[in-house]
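[1] quick one: sequence and predicted model below, then my questions.
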Amino acid sequence: MTARGRDEVALTVPGYRGDEIELTVLSRDGATGDRPAIYHLHAGAGILGDRNLGVEVLADWVQSYDVVVVTVEYRLAPEFPDPYPVEDSYAGLVWTAEHAEELGVDPARILLEGTATAADWQRRWRSWPETAAGHRSSASSSCT
């Protein structure tokens, strides 16, 4: 799908315990090369919202700054209590790092973006993922 000069692709990837979760990848039409990525964790503290919540500003950055945005649809409580939201989010990040080359992403420049919940979850993750190429992704985060 193309909207406002960008490609938007929905993907199904393994989440926590191997169950399927969805990611949406936004990139600039026709972009090539290794670009930075923003891995977006939506607001809602693991109990509400979806991967499109808060992505409007980031979608504009795709065109303006030539970044790739990846946003995760983690499962929500109460149907999926802790640690599902945290671990689904981490699984999506690991998948993003492992597939950086096919996404056109520089694996050393993956930025975590989200609310205070995102910062808390980053602290709870076991480690920042290594990419398939053996590089560590950036441990940067931005809380909005």
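    In hand now; what should we look at?

[2] correct me, but Thr24 touches Asp7?
    No: judged on CB atoms under 8 Å, Thr24 makes no contact with Asp7 at a distance of 10.6 Å. Any C-beta I mention is one placed from the backbone N, CA and C, and that applies to glycine too.

[3] more neighbours: the two, which one.
    Thr24 (20 against 16; other CB atoms under 10 Å).

[4] so which elements touch the strand or helix carrying the more buried one?
    Taking DSSP states H and E as the definition, Thr24 sits inside strand 20-28. Applying 3 or more CB pairs under 8 Å, 6 or more residues apart in numbering; DSSP states H and E, we find strand 20-28 packed against strand 6-14, helix 55-65, strand 68-73, helix 84-98.

[5] how about those in JSON lines, adding mean pLDDT?
    Output for the helices and strands packed on strand 20-28, formatted as JSON lines (pLDDT from 0 to 100):
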{"stretch": "strand 6-14", "mean pLDDT": "94"}
{"stretch": "helix 55-65", "mean pLDDT": "90"}
{"stretch": "strand 68-73", "mean pLDDT": "95"}
{"stretch": "helix 84-98", "mean pLDDT": "92"}
